[in-house]
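Asks: Kindly generate the corresponding structure for this input.
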Amino acid sequence: MSKRIIVFVVVMTLLLIISTTLAFKISGDVTKATETNVLFEDDFEGYNVGTFPYGGGWELWFDGAGSAYQIINDDVSASPTRSLQLLGLDGWAAFAAKRFTTDASEIGFQVSVRVAETRGGNRDDARVSFTSWTSPSTSREVAPVCFQDDGTIVSDGKILQPYVANKWYKITLILDRPSDTYSVWVDGVLCGENLNVTTTSPPETENPLYEIEAFSISQCYNQIQTYFDDVEVFASPVLLVGSPSRTPVTPNYNEDVAVSVAITGDAEVDQVLLFYTYDLTWQNVSMTKVDDTFNAAIPSQPYMTLVQYRIYTNDTNGNWYTSSTYSYTVSDMFPPEIVEVDWTPEQPSANDTVRVVANITEPADASGVGKVLFSFRDCFGQWWNTTMTYDGVSALWSVIIPQQPHNTTVQFQIAAYDKAGNMAIRENDAYMVVPEFSSTIILLLGLASITLAFAIKKKTSLLSSHMLST
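Replies: So this is what the prediction gives:
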């Protein structure tokens, strides 16, 4: 192989590694805490198929359908080729546990879970948890995450999300001992935050979180095969990423949205990115830190735009975290503006209809003018309601008021609604219908004025002629 080919292969390999790393950073869905302080991890690859992994420190606390069914399986796996299969009985769980000891204030685990089928029952098909031994037939599980037989993942009595049979789900749990709370991620998405710690049986002391002896995986009672893979138990998570807040909560079309998220933990934050989309193309902006809070803004968007956003966080150890995806729909809470109203003729007679024209506007990103209602009071004092018509050429709204008797004062008002339902109203516009004879009087007065002016001019001319002849 020539040197040129070798160099080419090396360069291409490096490019592949770099592109893979960048792709991971963009889509990063890792939510577990740390690669340091790992208490134990197991992908079940180092055991013989058909055996229970006693050699890895696992204990079969309860044997379910029998120890022959609690075995390493190579038919299905999350990675690379093997997993641990458990099968329980009605009233007797298949329960595997691995002991650990730590006084860390924050502990967590990550495990992949797969359930072979769901039957719609009310029991759980799989369970992952911290636990402690209580008797040869019982255990106390702390903050368990359960795959219910009805197809939901549940913890602390709350449905985290649905699941389907024969699909792997990665569960990550971080437990905060001082606050008695924990958070759960499913496939890298935060589904339960600051949940209250519960146990499956009463604790022996007031500090059940410090009674934890082991991590456990189990198949409870339903005789449904479940599989577990890629277990990791760790202490002191690197970062805890809270749920982001936004201001305003319901933004208008003319408002930027400030997004803030609190990030705490033992590691140093490398960068925090706000990802957002309003057209299915994700954009990102770096968030700036103030104390433990990181902040960034999403630019204002037009009315009814669906904006989605989430937070990506990277620590200096190279771990990536992501929040759930949040969303809001841009609103319009401002009424349209009635800029100007005119009517012609300005002094109508009883023979005239009157055309009222209104200039009504909304900003470009607002909802737009939806309808304009028009009301006027006739000669009998009765109010009539109609709608104004929009002219796309002039961009004006108009309506015709029918003829009214002379000496009538016609009052009218305009109510303009935008497409979001906001209303602007203009009242107290009015005009007087000129009496029918007024036009004749005006004409006669005009003729009289012309005649008088002509007469004066003629008399003046005759007087001037007389003076000249004298």
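
Asks: Which residues outside stretch 391-411 are in contact with it?
Replies: Stretch 391-411 is touched from outside by 343, 348-360, 369, 372, 374, 376-379, 386-390, 412, 416, 428-436, 438, with contacts defined as C-beta atoms under 8 Å, 6 or more residues apart in numbering. All C-beta spots, glycine's among them, are computed from the backbone N, C-alpha and C.

Asks: Low-confidence regions, the stretch 301-450 of the chain specifically.
Replies: Low-confidence segments of the stretch 301-450 of the chain, defined by pLDDT under 70: 436-450.

Asks: Help me confirm that P335 is found in a helix?
Replies: No. Counting by DSSP: H, G, I helix; E, B strand; the rest coil, P335 is not part of a helix but coil.

Asks: which residues does the residue nearest the centre of the chain bridge with?
Replies: Centroid-nearest residue in the chain: S327, 1.1 Å away (criterion: C-alpha atoms, centre = their mean). Beta-bridge pairing of S327, defined through DSSP bridges, involves Q308.

Asks: Tell me where the stretch 1-150 of the chain has strands.
Replies: Per DSSP state E, counting those that start in this stretch, the stretch 1-150 of the chain carries strands over the ranges 38-42, 58-63, 71-73, 83-86, 94-99, 106-115, 124-135, 138-148.

Asks: How about residues contacting the shortest one?
Replies: Think strand 71-73. Here strand 71-73 makes contact (C-beta under 8 Å, 6+ apart) with 44, 47-53, 82-85, 227.

Asks: In it, which residues are buried?
Replies: Across strand 71-73, burial judged by 16 or more other C-beta atoms under 10 Å covers I71, I72, N73.

Asks: hang on, the earlier thing: among the strands of the stretch 1-150 of the chain, which comes closest to D292?
Replies: Closest approach to D292 among those (C-beta to C-beta): strand 106-115, 15.5 Å.

Asks: Report the rounded mean pLDDT for the closest one.
Replies: Averaged across strand 106-115, pLDDT comes to 94.

Asks: what are the C-alpha coordinates of it, in PDB please?
Replies: The C-alpha coordinates for strand 106-115 follow below in PDB (Å, rounded to 0.1, in the frame of the first residue of the first chain):
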ATOM      1  CA  GLU A 106     -26.900  12.200  44.800                       C
ATOM      2  CA  ILE A 107     -27.000   8.700  43.200                       C
ATOM      3  CA  GLY A 108     -28.400   7.500  40.000                       C
ATOM      4  CA  PHE A 109     -28.700   4.600  37.600                       C
ATOM      5  CA  GLN A 110     -29.100   4.000  33.900                       C
ATOM      6  CA  VAL A 111     -30.600   0.800  32.400                       C
ATOM      7  CA  SER A 112     -32.200  -0.300  29.100                       C
ATOM      8  CA  VAL A 113     -35.500  -2.100  29.400                       C
ATOM      9  CA  ARG A 114     -37.500  -4.200  26.900                       C
ATOM     10  CA  VAL A 115     -40.900  -5.900  27.600                       C
END
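
Asks: Given it, what are its sheet partners and their directions?
Replies: If you go by DSSP bridges, strand 106-115 pairs up with strand 169-176 (antiparallel), strand 226-235 (antiparallel).

Asks: Show me which of the contacts of stretch 391-411 are buried.
Replies: Buried among the contacts of stretch 391-411 (16+ other C-beta under 10 Å): 343, 348-349, 352, 354, 356-358, 360, 369, 372, 374, 376-377, 388, 412, 416, 429, 431, 433-434.

Asks: Helices - which of those land there?
Replies: Using DSSP state H, no member of the buried ones among the contacts of stretch 391-411 falls in helices.

Asks: if we can go back for a sec, among the contacts of stretch 391-411, which are in strands?
Replies: Counting by DSSP state E, the part of the contacts of stretch 391-411 found in strands is 343, 354-360, 369, 372, 374, 376-377, 386-387, 389-390, 412, 416, 428-432.

Asks: what does the domain assignment say about this protein?
Replies: Following automatic domain parsing, the chain resolves into domains at 1-27, 31-104+118-170+197-227, 240-329, 337-432.

Asks: how about those in a markdown table, adding distance to S112?
Replies: Below are the domains of the chain laid out as a markdown table (distance: least, C-beta to C-beta, whole Å):
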| stretch | distance to S112 |
| --- | --- |
| domain 1-27 | 18 |
| domain 31-104+118-170+197-227 | 4 |
| domain 240-329 | 18 |
| domain 337-432 | 45 |
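
Asks: So which of these is nearest D180?
Replies: Here domain 31-104+118-170+197-227 is closest among the domains of the chain (C-beta to C-beta), at 4.9 Å.

Asks: Quote the end-to-end distance of stretch 63-80.
Replies: This stretch, stretch 63-80, spans 26 Å end to end (C-alpha to C-alpha, to the nearest Å).

Asks: Go through that stretch and flag the buried ones.
Replies: Buried residues in stretch 63-80, counted by 16+ other C-beta under 10 Å: D63, G64, A65, Y69, Q70, I71, I72, N73, V76, S77, A78.

Asks: if I pick the nearest residue to the fourth one once chain neighbours are set aside, what's in contact with it?
Replies: In space, not counting the residues next to it along the chain, Y69 is nearest to L87; the distance is 4.1 Å by C-beta to C-beta, 6 or more residues apart in numbering. Under the criterion of C-beta under 8 Å, 6+ apart, the contact list for L87 reads G64, A65, Y69, Q70, A94, Q219, Q223, I224, Q225, T226.
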